[in-house]
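Undergrad: Make a model of this:
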Amino acid sequence: MDQFIVKPLFGEAGDPVAWYTITNATAWMALAVACVAILMLLMTRGRAIVPSKGQSMAELAYGFVHKMVEDVTGRDALKYFPYIFTLFLFIFFANFLALIPMSFSPTSHIAVTAVLGFGVFIAVTILGFVKNGAGFLKLFWVDSAPLALRPILAVIEIISYFVRPVSHSIRLAGNVMAGHAVLKVFAGFAAITAVAPIAILGIVAIFGLEVLVSAIQAYVFTILTCVYLKDALHPHH
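TA: Predicted coordinates:
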């Protein structure tokens with residue numbers, strides 16, 4: 001489908017895409033970053049006691065993620081709030097911009113979500129060892145289990161830990177891609193006169209669902225990041 005095809009932004013459609021090529025994926029990710037900057041910088045430039053609509057939106061997003069980080073991870077994790085907040089806003093805007101007709105969906109590509117997922121995984125793992133040293137390995141040792149089962153559970157815990165970045169990234173990309181694919185299928189049926197009214201109703205319903213999914217997936221990615229961060233800061237819990 002056109003929305004998932006990476007193409008050069010300038011030049012012919014069949015031109016090869018190299019690592020330095022400016023593509024539609026690059027443009028839409030840059031647009032998502034621009035939306036984040038507009039919300040958090042431009043909309044809050046004239047901060048006032050009685051906030052404007054833009055300032056209210058920025059403060060609502062800030063407070064929502066701030067409370068999430070504090071509730072899930074603890075107050076000692078608030079120093080990492082800027083990174084988590086940036087992830088949330090980027091995914092949120094990338095998801096919603098993809099709902100615009102003729103747009104491009106960066107978060108439907110595993111190449112994008114894998115960078116986000118593995119970035120969290122690597123950062124959290126390094127932080128866990130920096131903060132706890134060898135004590136970070138307690139995360140994989142289940143003290144409450146019978147002694148004979150602990151080595152087996154440790155292997156299972158290690159495997160599940162290294163699967164985290166894969167599931168973290170595939171969950172986001174899969175949900176976004178699936179929703180847009182279903183929209184494309186219903187749009188194809190809309191061209192058939194006999195089923196066009198039903199197809200159009202289906203498009204409206206799926207689009208409404210995709211609006212929810214766009215917000216929910218940004219939330220899920222963020223809260224899982226908080227959970228992983230909690231494990232790194234408090235591996236003995």
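
Undergrad: Going by C-alpha atoms from here, please, whenever you check contacts or count neighbours.
TA: Noted.

Undergrad: Distance across stretch 102-120, terminal residue to terminal residue?
TA: With Cα to Cα, to the nearest Å as the measure, stretch 102-120 spans 31 Å from end to end.

Undergrad: In the chain, where's the longest helix?
TA: Looking across the chain with DSSP state H, the single longest helix is helix 150-189.

Undergrad: May I see the buried residues of that helix?
TA: For helix 150-189, the neighbour count (16 or more other Cα atoms under 10 Å) marks 150, 154, 157, 161, 164-166, 168-177, 179-180, 183-184, 186-187, 189 as buried.

Undergrad: If you count contacts, what does that helix end up packed against?
TA: Secondary-structure packing of helix 150-189 (3 or more Cα pairs under 8 Å, 6 or more residues apart in numbering; DSSP states H and E): helix 110-132, helix 196-233.

Undergrad: That one versus helix 196-233: what angle between them?
TA: Helix 150-189 and helix 196-233 are oriented at 160 degrees to each other (axes from the mean of the first three to the mean of the last three Cα atoms, to 10 degrees).

Undergrad: now helix 150-189, how far from the centre of its chain.
TA: Here helix 150-189 shows a centroid-to-chain-centroid distance of 12 Å under the convention Cα atoms, centre = their mean, to the nearest Å.

Undergrad: what's the angle from it to helix 110-132?
TA: Per the same axes, to 10 degrees, the angle that helix 150-189 makes with helix 110-132 is 150 degrees.

Undergrad: what about helix 150-189, average pLDDT?
TA: What helix 150-189 shows for mean pLDDT is 90.

Undergrad: Give me the helix or strand of this protein that scores worst on average pLDDT.
TA: One helix or strand of the chain scores below all others by mean pLDDT, DSSP states H and E: helix 150-189, with a mean of 90.

Undergrad: name the element Phe85 belongs to?
TA: Assigned by DSSP states H and E, Phe85 falls within helix 81-97.

Undergrad: now Thr26
TA: Going by DSSP H and E, Thr26 is part of helix 24-37.

Undergrad: Where does pLDDT dip in the protein?
TA: 1-3, 13-14, 236-237 (pLDDT under 70).

Undergrad: if we look at stretch 45-58, which residues are touching it?
TA: 39-40, 43-44 (Cα atoms under 8 Å, 6 or more residues apart in numbering).

Undergrad: Please produce a PyMOL select command covering the buried subset of those.
TA: Command for PyMOL, covering only those of the contacts of stretch 45-58 found buried under the criterion 16+ other Cα under 10 Å:
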select buried, resi 39+40+43+44
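
Undergrad: for the contacts of stretch 45-58, which one is nearest Ile216?
TA: Ile216 has its nearest neighbour among these in Leu39, at 19.5 Å by Cα to Cα.
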